[in-house]
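**Student:** Curious how this folds, go ahead:
(chains A and B)
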There are 2 protein chains.
Amino acid sequence: MKKVPILIIGFGVIGSGVARVISEKKEVIRSKYGIDFELVGIGEHNGCVVCPEGIDPMEAHKLKQEGALNRHPCWKSGMNSIDLIKEVGADIVIEATPTNINSGEPGLSHMMTAFNAKKHVVTSNKGPLAVAFQKLRKMAEKNGVHFRFEASVGGAMPVLNLVRETLQANDILGIEGILNGTCNYILTRMSTEGLPYEHVLSEAQELGIAEADPTYDVEGIDTACKLVILANAIFGMNVSYKGVDVTGITQITPEALKLASDDGYVIKLIGEIQDENRPRVAPRLVPKDHPLAVGGTLNVISLRTDLAGEITITGRGAGAVETSSSILSDLISVCEA
Amino acid sequence: MKKVPILIIGFGVIGSGVARVISEKKEVIRSKYGIDFELVGIGEHNGCVVCPEGIDPMEAHKLKQEGALNRHPCWKSGMNSIDLIKEVGADIVIEATPTNINSGEPGLSHMMTAFNAKKHVVTSNKGPLAVAFQKLRKMAEKNGVHFRFEASVGGAMPVLNLVRETLQANDILGIEGILNGTCNYILTRMSTEGLPYEHVLSEAQELGIAEADPTYDVEGIDTACKLVILANAIFGMNVSYKGVDVTGITQITPEALKLASDDGYVIKLIGEIQDENRPRVAPRLVPKDHPLAVGGTLNVISLRTDLAGEITITGRGAGAVETSSSILSDLISVCEA
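**Tutor:** Below you'll find the predicted structure:
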């Protein structure tokens, strides 16, 4: 059995969700991969839990649910995550703090600190990758550690690992996809029910599918950030959010959707990278029986390849347990690399 | 650079296609993976090409295209593939002879001979897997070699490697999918054009999408064989073709498709495995915006998982170059394992 000490930085929905899943899947991971992930530190904005002998991940998850992580016997009030990453011995840092696409912070500093401390990073946090992808990639390389971020694009849906582990001999020629479940939900409901944008947006907000301030989703910003990650990781580009042409879905009317439908199309917010062109996010017509024409909150990515042709993958783009699937995939493959 | 000597048994569309792709991708595979696949033997029904110093795969591909493989300078008339596998030093055997779902031969003997000779097997051949999956798996294990068969299900579409390499921590709870491009083409055309089965079948035969004797495809036999492979490989079942309930598409009428369409559905030939139930192949109603509702000759597989939810992958189920993508993926992962 290989003991692998890990830190989780950011113990919100994703971070504490990962802790729960690591606890639930402990035996499976031990028997299938011979790996024992041992949580030795949790970093939060107001303090840390530190225990080199191991923290019970389910206990921490439950305390967090009760808003009482600071009652954990190993809680160190005021200790910051940077010091945790520097000082506590661990192989892998899971960075799951909230996304900030302007500065990338605090995730950016966490990741750089981890690399300098020769720790691998597995993350779901888009911000640092949208701001400083190539810098982070080079730092990881220079320090001889791995940098994995499957969960930052498409939640549970494997795309980076799909390309790396199942399409090894292929050149990827183009990527297009629906990368935001909120926009997909809104357009799907507008189309099937003939309802106006504002009406469906309110409904989505009530259901918790859209945020109170929906700008980040409906203006295409979230899609653009994910596209930046794909452009940098798969095409080796060096682009940031500002290098993407972005149009959101706020101008789409039920009439436009009806016209499209009558001709056998749906309208979807598509992010795309084709060859060396500038990445682009915009509403586009998609034939109804095309693999990209998926409804509800689903995400979908289609890869154009030289050998396999088009390969399309569909899955849930959000959710704590779903995202944990991608984080665990990265954790296991870091251990096996 | 790691030299990896390989044999290709069966040099038809798939086998010679793999040779061509190995030639075309030589530099990419060398630079990305440090692997140099060296073709040292080709087995055909009437003789073999044997050359321990290496066969130019593109030259062999071209000779085969001209129907003149027996003019290769290293051609040994009458030598059989079993002796080739036993006697010629190689790490991996690519088995690509025609599928026989009753006896599994000649592929079955080729694979067993390879395992006993401590050679890894990579294959696109469904026959031996539909007949004797667990026996083959155990032989590979006993001899300490790998057995990979991504290309046997869904052509270019990764499914076995997707599960193994990107969904490691997930339990797979169910599988459903369209595993036969011919049936999908026929049902798609019948639905969009309102044409009867016989008409579209003739059209598909003219286009080379359906065989002169279409039984194997339209009666669901091909789908059932692929389902058997998935059941055995992913669920650890021990079923053969006879353990599958099979209904084909020959009784589907344009009227049934029209009625389905009016209610927002399409009819597709779906293969499915749910929990411990008997695997089943039958026409089923699929909502039009569901990820399984893909048209044309596409294949699609949806995996129900405990963490990631539903993950669906779509791609081309046939074609020499497309299938080579899966075979190369297996070849590379065998070398890296």
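**Student:** From now on I want contacts and neighbour counts done on CA atoms only, so please keep to that.
**Tutor:** Noted.
**Student:** How is chain A partitioned into domains?
**Tutor:** As assigned by automatic domain parsing, chain A contains the domains A:2-156+A:320-336, A:168-316.
**Student:** As TSV, those domains with mean neighbour count and distance to residue B:310 would be great.
**Tutor:** Output for the domains of chain A, formatted as TSV (neighbours: other Cα atoms under 10 Å in any protein chain shown; distance: least, Cα to Cα, whole Å):
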stretch	mean neighbour count	distance to residue B:310
domain A:2-156+A:320-336	21	9
domain A:168-316	20	6
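**Student:** Relative to residue B:123, which of these is closest?
**Tutor:** Using Cα to Cα as the measure, domain A:168-316 is the one of the domains of chain A that comes nearest residue B:123, at 16.5 Å.
**Student:** quick one on the thing from earlier: export the domains of chain A to CSV and tack on mean pLDDT and distance to residue B:251?
**Tutor:** Output for the domains of chain A, formatted as CSV (pLDDT from 0 to 100; distance: least, Cα to Cα, whole Å):
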stretch, mean pLDDT, distance to residue B:251
domain A:2-156+A:320-336, 96, 38
domain A:168-316, 95, 23
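**Student:** got these as CSV, with distance to residue B:214 columns?
**Tutor:** Shown next, in CSV, are these (distance: least, Cα to Cα, whole Å):
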stretch, distance to residue B:214
domain A:2-156+A:320-336, 39
domain A:168-316, 25
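**Student:** and residue B:75, which of these is closest to it?
**Tutor:** Across those, closest to residue B:75 is domain A:168-316 (Cα to Cα), at 29.4 Å.
**Student:** and the end-to-end length of the closest one?
**Tutor:** With Cα to Cα, to the nearest Å as the measure, domain A:168-316 spans 24 Å from end to end.
**Student:** how about the CA coordinates for stretch A:257-275, as PDB?
**Tutor:** The C-alpha trace of stretch A:257-275 is given here as PDB (Å, rounded to 0.1, in the frame of the first residue of the first chain):
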ATOM      1  CA  LEU A 257     -35.200  29.500 -31.500                       C
ATOM      2  CA  LYS A 258     -38.500  28.700 -33.200                       C
ATOM      3  CA  LEU A 259     -37.200  29.600 -36.600                       C
ATOM      4  CA  ALA A 260     -34.100  27.500 -36.000                       C
ATOM      5  CA  SER A 261     -36.300  24.600 -34.800                       C
ATOM      6  CA  ASP A 262     -38.500  24.700 -37.900                       C
ATOM      7  CA  ASP A 263     -35.400  24.200 -40.000                       C
ATOM      8  CA  GLY A 264     -34.200  21.300 -37.900                       C
ATOM      9  CA  TYR A 265     -31.700  23.200 -35.700                       C
ATOM     10  CA  VAL A 266     -31.200  24.200 -32.100                       C
ATOM     11  CA  ILE A 267     -29.300  27.300 -30.900                       C
ATOM     12  CA  LYS A 268     -26.500  26.600 -28.400                       C
ATOM     13  CA  LEU A 269     -23.700  28.700 -26.900                       C
ATOM     14  CA  ILE A 270     -20.700  27.100 -28.500                       C
ATOM     15  CA  GLY A 271     -17.000  27.600 -27.500                       C
ATOM     16  CA  GLU A 272     -14.600  26.700 -30.300                       C
ATOM     17  CA  ILE A 273     -11.000  26.500 -31.200                       C
ATOM     18  CA  GLN A 274     -10.200  25.800 -34.900                       C
ATOM     19  CA  ASP A 275      -6.600  25.400 -35.900                       C
END
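**Student:** ok so, going back, identify whichever of the domains of chain A lies nearest to residue B:81.
**Tutor:** domain A:168-316 (27.4 Å).
**Student:** Indicate whether that closest one makes contact with chain B.
**Tutor:** Yes - counting by Cα under 8 Å from any Cα of the partner chain, chain B has neighbours in domain A:168-316: A:168-170, A:288-291, A:293-295, A:307-316.
**Student:** now stretch A:121-133
**Tutor:** No - counting by Cα under 8 Å from any Cα, chain B is not contacted by stretch A:121-133; separation bottoms out at 14.3 Å.
**Student:** ok, now which ones touch the closest residue to residue A:334 other than its chain neighbours?
**Tutor:** Distances taken as Cα to Cα, 6 or more residues apart in numbering or on different chains put residue A:146 closest to residue A:334, at 6.6 Å, once the chain neighbours are dropped. Taking Cα atoms under 8 Å, 6 or more residues apart in numbering or on different chains, we find residue A:146 in contact with A:120-121, A:140, A:334.
**Student:** out of these, which are inside helices?
**Tutor:** Mapping those onto helices (DSSP state H) picks out A:140, A:334.
**Student:** Looking at the contacts of residue A:146, spot the one nearest residue A:212.
**Tutor:** residue A:121 (31.3 Å).
**Student:** doesn't residue A:150 make contact with that closest one?
**Tutor:** No - the pair residue A:121 and residue A:150 fails to qualify as a contact (Cα atoms under 8 Å) at a distance of 11.4 Å.
**Student:** secondary structure element for residue A:3?
**Tutor:** strand A:2-9 (DSSP states H and E).
**Student:** Report the distance from that strand to the chain centre.
**Tutor:** Strand A:2-9 has its C-alpha centroid displaced from the chain centroid by 20 Å (Cα atoms, centre = their mean, to the nearest Å).
**Student:** which is the next helix or strand following that strand?
**Tutor:** Immediately after strand A:2-9, counting by DSSP H and E, sits helix A:13-24.
**Student:** check contacts around whatever residue of the stretch 51-200 of chain A ends up closest to chain B.
**Tutor:** Using Cα to the nearest Cα, residue A:156 is the residue of the stretch 51-200 of chain A that sits closest to chain B, at 5.1 Å. For residue A:156, the contacting residues are A:315-318, A:322-326, B:308-309, by Cα under 8 Å, 6+ apart.
**Student:** Starting from residue A:192, give me the distance back to the residue nearest to residue A:334.
**Tutor:** 44 Å.
**Student:** Same check on residue A:326?
**Tutor:** Residue A:326 is 31 Å from residue A:192, by Cα to Cα.
**Student:** Could you do residue A:184 as well?
**Tutor:** 12 Å.
**Student:** Then residue A:215?
**Tutor:** Taking Cα to Cα, one finds residue A:215 at 23 Å from residue A:192.
**Student:** Which ones among the contacts of residue A:156 map onto strands?
**Tutor:** A:315-316 (DSSP state E).
**Student:** all strands of chain A, in order?
**Tutor:** Using DSSP E, strands in chain A cover A:2-9, A:35-44, A:47-50, A:75-77, A:92-95, A:120-123, A:147-148, A:172-178, A:245-246, A:265-274, A:280-287, A:298-305, A:310-316.
**Student:** Noted, bye for now.
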